[in-house]
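Student: sequence plus predicted model, see below.
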Amino acid sequence: MRLKVNPNRMELLRLRRRYALALRGHKMIKDKLDGLVKEFLPLARQYRDARVSVDRELPQLLRPFLLARMGSPRGVVETALEQVGARCNVPLQITTTRWRILNVVLTRLEAKLPPAAGYSLLDTPGELDTAIVALRNYLNKILTLAELEHAVRLLAREVEETRRRVNALEYILLPELRETIKFIKAKLDEAERFHISRLMKIKEMFGAKRGL
């Protein structure tokens, strides 16, 4: 499908400049798409591995809590956890830093954990200590997973939008410009042939008059 334009030389020059610009734009966006895909694939694999690791570790993380509860008198673990919550008067701080992949702004998360709260080590089983330490370490893995998931979603959206732009240029705009340029050239060539044949006919008429 060609564009609706007047078939003249000015329009031909304008469309040729536009076509050259569209070609350069297509190359730049195609290179951007290739770069995004190159960055996206390893990040997606990293997110997949982190998701599997976090899901696999969660049951193991809960096991020490269950063992601590089973190996101590009723209410001891609950009381200790309440003491942990009461003494943690320093709120959890999560700092964010920005980083980029091409023009996509991503966020890196980092947690500043409050100091470990004290509770009676004599009254609580050792499994509770292990469980609390593991839970603090697990938080960083959760933040890493959230960071990766957010990055994968943003990159996937950017890849899709960039691919649509590439396809629009490659399959719509550039073919339309090529067909329109070809149409205008054909019209101009036809007009030029008509003009030349008309001049030749006029020349023949003048030659015939001079011969009389």
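Tutor: Structure's in. What do you need?
Student: is it fair to say Ile172 lies in a strand?
Tutor: No: per DSSP: H, G, I helix; E, B strand; the rest coil, Ile172 lies outside any strand segment and is helix.
Student: which helix or strand in the chain has the lowest average pLDDT?
Tutor: Across the helices and strands of the chain, mean confidence by mean pLDDT, DSSP states H and E is lowest for helix 76-87: a mean of 54.
Student: what mean pLDDT does the helix or strand following that helix get?
Tutor: Following helix 76-87 in sequence order, the next helix or strand is strand 93-101 (DSSP states H and E). The predicted model assigns strand 93-101 a mean pLDDT of 83.
Student: give the partner strands of strand 93-101 in its sheet and their orientations.
Tutor: strand 104-112 (antiparallel) (DSSP bridges).
Student: kindly format the C-alpha coordinates of the partner strand as CSV.
Tutor: Listed next in CSV are the C-alpha coordinates belonging to strand 104-112 (Å, rounded to 0.1, in the frame of the first residue of the first chain):
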residue,chain,number,x,y,z
VAL,A,104,15.6,0.9,31.0
VAL,A,105,15.9,2.1,34.6
LEU,A,106,16.0,-0.7,37.1
THR,A,107,16.1,-0.8,40.9
ARG,A,108,18.5,-2.6,43.2
LEU,A,109,17.3,-3.4,46.7
GLU,A,110,19.4,-3.8,49.8
ALA,A,111,18.2,-4.4,53.4
LYS,A,112,19.7,-3.0,56.5
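Student: what mean pLDDT does it have?
Tutor: Average pLDDT, strand 104-112: 83.
Student: which outside residues touch that strand?
Tutor: Strand 104-112 has contacts (Cβ atoms under 8 Å, 6 or more residues apart in numbering) with 36, 92-100, 139-140, 143-144, 146-147, 150-151, 154-155, 158. Every residue, glycine included, has its C-beta placed from N, CA and C.
Student: list the contacts for Met28?
Tutor: By Cβ under 8 Å, 6+ apart, the contact list for Met28 is empty.
Student: that one: which element?
Tutor: In the assignment (DSSP H and E), Met28 maps to helix 9-70.
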